[in-house]
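Novice: kindly return the folded structure for what I paste below:
(chains A, B, C and D)
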Protein chains: 2
Amino acid sequence: MTGTPGAEETATEEHPRRWLKAGLMADRLSFRVRSVMALLGARVTEAFAPYGLRPGSFTSMALISANPGSSQIELARLGGLDKSSIVLIIDDLVQRGYAVRAKSTEDRRRSSLFLTRAGEEVMAQMYTAAMATETSIRAELGPDDMQQLFGLLDRVYAILEREDPPID
Amino acid sequence: MTGTPGAEETATEEHPRRWLKAGLMADRLSFRVRSVMALLGARVTEAFAPYGLRPGSFTSMALISANPGSSQIELARLGGLDKSSIVLIIDDLVQRGYAVRAKSTEDRRRSSLFLTRAGEEVMAQMYTAAMATETSIRAELGPDDMQQLFGLLDRVYAILEREDPPID
DNA sequence: TATTGTTATACTCTATAACTATA
DNA sequence: TATAGTTATAGAGTATAACAATA
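Specialist: Numbers count the residues shown, from 1 in each chain, chains lettered A, B, ... in the order given. Below is the predicted model of the structure:
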């Protein structure tokens, strides 16, 4: 008995229909992705709670760390967010002392973003916490199937991105 | 040059860093799932706009259609939503004439939910529209890889659900 | 006492539009 | 004219808490 999106069991006496059939939804990729994201997202949010930061803030920190000096609009594009949404996230990170905005010397419209030492440290801790939420999945799928899943998701992402490029 | 989550290219002269490196994020399942969901969700929302309904409403309709007579709390559990959130969705569907609440005769606390004929028709049309947003993905991945992807996502979902069962 | 459904309320996330400053 | 960033505002989506009816 499971609520796995694709499952199509029938309710029984001892297990009164706790789980519904997914019906047509079972054929849709987006239903599965959404279902997984809902549970996974809840875990991540919970894991981040002690740090007072939300998943979106962590994503920004990790991207800045991997791309020091990047601009807010670059962050917005990769995250699929509007540039105005990034402003609030960076505002918060700056206020906490985790990031700094340095005016670019080449193009004075741009902010070059960097993490502070404190920001790098918190980011690393949050990364560990985030990875821990996926430990059991890695263990049960094993490295091969995990790689397979990553590869398939990357292909899907590449198709979507090619067909729906960022507008800005 | 691509923004695929796992990609780790370097900016070049002719392609000034439009895409950032994903850095640590590339190792996380939730980052990939979130990235795919962001693009896929935007497509679905757009496809549903002509019907005046949001993805959550369509999900409820499809689940009611597959499980006639189900209760609001059952819908909430499968969708990972709070029961109070479902109320608003069903209110809207009822107001549009797409669903009806019938008081259960066995347990008069429960509402037995059904789609109206109009609701079934709109749901079928929206299903077609939703599937169309995934056409190119199916075409490029092919049936085997698509099945592989579905199977892997189902396994992930089953693990998450087993470890984080619904509270209510 | 526990469960289903409801209401009121508030919060998070994100987008839109209008703006400043730079290019 | 176009782009990077900012601000103010509004909307969607969801949760929490308190409650009524029923089990």
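
Novice: so is the longest helix anywhere in chain A next to chain B?
Specialist: Determined from DSSP state H, the single longest helix within chain A is helix A:135-163. Yes: interface with chain B: helix A:135-163 contributes A:136-137, A:140-141, A:145-146, A:148-150, A:152-161, A:163 (C-beta under 8 Å from any C-beta of the partner chain). For every residue, glycine as well, the C-beta is placed using N, CA and C.

Novice: and for stretch A:43-56?
Specialist: Yes: part of stretch A:43-56 sits close enough to chain B to count as contact by C-beta under 8 Å from any C-beta, namely A:43-44, A:55.

Novice: out of the residues you listed, who's the most crowded?
Specialist: Counting neighbours by other C-beta atoms under 10 Å in any protein chain shown, A:Val44 comes out on top of the residues of stretch A:43-56 next to chain B with 23 neighbours.

Novice: domain-wise, how is chain A divided?
Specialist: For chain A, whose domains are defined here by automatic domain parsing, the residue ranges read A:50-133, A:134-168.

Novice: any idea of the mean pLDDT in the helix or strand hosting A:Ile89?
Specialist: With secondary structure defined by DSSP states H and E, A:Ile89 is part of helix A:83-95. Looking at helix A:83-95 alone, the average pLDDT works out to 96.

Novice: what packs against it?
Specialist: In this structure, helix A:83-95 makes packing contacts with helix A:55-66, helix A:72-79, strand A:99-103, judged by 3 or more C-beta pairs under 8 Å, 6 or more residues apart in numbering or on different chains; DSSP states H and E.

Novice: which stretch among the ones you listed comes nearest DNA strand D?
Specialist: The minimum distance between DNA strand D and the helices and strands packed on helix A:83-95 falls on helix A:72-79, with 3.4 Å, by C-beta to the nearest atom of the strand.

Novice: wasn't A:Arg109 part of a strand?
Specialist: No: looking at A:Arg109 with DSSP: H, G, I helix; E, B strand; the rest coil, it is coil, so not inside a strand.

Novice: near the residue nearest to A:Leu113 when sequence neighbours are not counted, how many other residues are there?
Specialist: Counting by C-beta to C-beta, 6 or more residues apart in numbering or on different chains, the nearest residue to A:Leu113 once its immediate chain neighbours are dropped is A:Ile64, at 4.9 Å. The local packing count at A:Ile64 equals 28, with neighbours defined by other C-beta under 10 Å.

Novice: and A:Ile64, how far from DNA strand C?
Specialist: As judged by C-beta to the nearest atom of the strand, to the nearest Å, A:Ile64 and DNA strand C stand 16 Å apart.

Novice: quick one: which helix or strand includes the closest residue to A:Tyr98 other than its chain neighbours?
Specialist: Setting aside the residues directly before and after it, A:Tyr98 is nearest to A:Gly119 in space (C-beta to C-beta, 6+ apart), at 3.3 Å. Assigning secondary structure by DSSP H and E places A:Gly119 in helix A:117-132.

Novice: what angle do that helix and helix A:83-95 make?
Specialist: With axes from the mean of the first three to the mean of the last three C-alpha atoms, to 10 degrees as the criterion, the two stretches helix A:117-132 and helix A:83-95 enclose an angle of 110 degrees.

Novice: packing partners for the longest helix of chain A?
Specialist: Using 3+ C-beta pairs under 8 Å, 6+ apart as the contact definition, the elements that helix A:135-163 packs against are helix B:29-48, helix B:135-163.

Novice: could you confirm whether that helix reaches DNA strand C?
Specialist: No: no part of helix A:135-163 sits close enough to DNA strand C to count as contact by C-beta under 7 Å from any atom of the strand; the gap is at least 14.6 Å.

Novice: show me what counts as buried in that helix.
Specialist: Neighbour counts over helix A:135-163 (16 or more other C-beta atoms under 10 Å in any protein chain shown) mark A:137, A:141, A:145-146, A:148-150, A:152-161 as buried.

Novice: just checking, the residue nearest to A:Leu113 touches A:Glu74?
Specialist: No: because the distance of 9.8 Å does not satisfy C-beta atoms under 8 Å, A:Ile64 is recorded as not touching A:Glu74.

Novice: what's near enough to touch A:Val36?
Specialist: The neighbours of A:Val36, taking C-beta atoms under 8 Å, 6 or more residues apart in numbering or on different chains as the test, are B:33, B:153, B:156-157, B:160.

Novice: before we move on, the earlier item: dump the domains of chain A to a markdown table, plus distance to DNA strand D.
Specialist: As requested, these are arranged in a markdown table below (distance: least, C-beta to the nearest atom of the strand, whole Å):
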| stretch | distance to DNA strand D |
| --- | --- |
| domain A:50-133 | 3 |
| domain A:134-168 | 6 |
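
Novice: quick revisit: I'd say the residue nearest to A:Tyr98 and A:Ala99 touch.
Specialist: Yes: the pair A:Gly119 and A:Ala99 passes the contact test of C-beta under 8 Å, sitting 5.4 Å apart.

Novice: counting neighbours, go ahead and name the busier of those two.
Specialist: Ranked by neighbour count (other C-beta under 10 Å), A:Gly119 and A:Ala99 place A:Ala99 first, with 26 against 20.

Novice: and the closest residue to that one other than its chain neighbours, how far from A:Ser65?
Specialist: Excluding its sequence neighbours, the residue lying closest to A:Ala99 (C-beta to C-beta, 6+ apart) is A:Leu93, at 3.9 Å. As defined by C-beta to C-beta, to the nearest Å, A:Leu93 lies at a distance of 11 Å from A:Ser65.
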